[in-house]
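In: Have a look; sequence and predicted model below, questions after that.
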Amino acid sequence: ALQCGEQLGYTDAAGISPLRQRIAKHYEEAYGVKDLDPERIFVTTGSSAGFTIAFAAAFNAGDRVAVASPGYPCYRNILAMLGMV
C-alpha cells in the first residue's frame with residue numbers, strides 16, 4: 001500500500017488535525033489562551049497514553065519520580081517502562 005501511495009487507514013499519532021485545531025480554538029474561546037499551536041496538542045485514547053506522553057516529555061530515563069501512595073496503579077509501570085525510578 002505504501003509503495004502505491006495509498007494510506008493505511010491510521011490517523012496521525014497526535015490526533016486528527018481538525019480536532020486538535022478545534023481544541024486550540026476552544027482554549028482561546030473558553031480560557032483566553034491565545035496562539036495555542038495545535039501541534040502542541042495530543043489526543044489520546046485514554047489516560048495511560050496521556051501519562052506516558054507527559055512523563056516522557058517531563059522526565060529523562062534514570063530520573064527519580066515521586067509517586068503518591070495510594071495512587072493510580074499504572075504510574076509505576078509507565079515510569080518503569082520509560083526507565084525512570
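Out: Thanks, I have it. Numbers count the residues shown, from 1 in each chain.
In: in which helix or strand would I find P70?
Out: Using DSSP states H and E, P70 falls within no helix or strand.
In: got the contact list for it?
Out: Neighbour list for P70: empty [criterion: CB atoms under 8 Å, 6 or more residues apart in numbering]. Heads up, the C-betas are built off the backbone N, CA and C, glycines and all.
In: which SSE is the residue of the chain positioned farthest from its centre in?
Out: In the chain, counting by CA atoms, centre = their mean, C4 sits farthest out from the average C-alpha position, at 30.9 Å. Under DSSP H and E, no helix or strand contains C4.
In: How much space separates it from D37?
Out: 33 Å (CB to CB, to the nearest Å).
In: Please apply the same query to P73.
Out: 33 Å.
In: residues of the longest helix seen in the chain that come out buried?
Out: Across the chain, the longest stretch assigned as helix under DSSP state H is helix 17-31. For helix 17-31, a neighbour-count test (16 or more other CB atoms under 10 Å) marks R20, A24 as buried.
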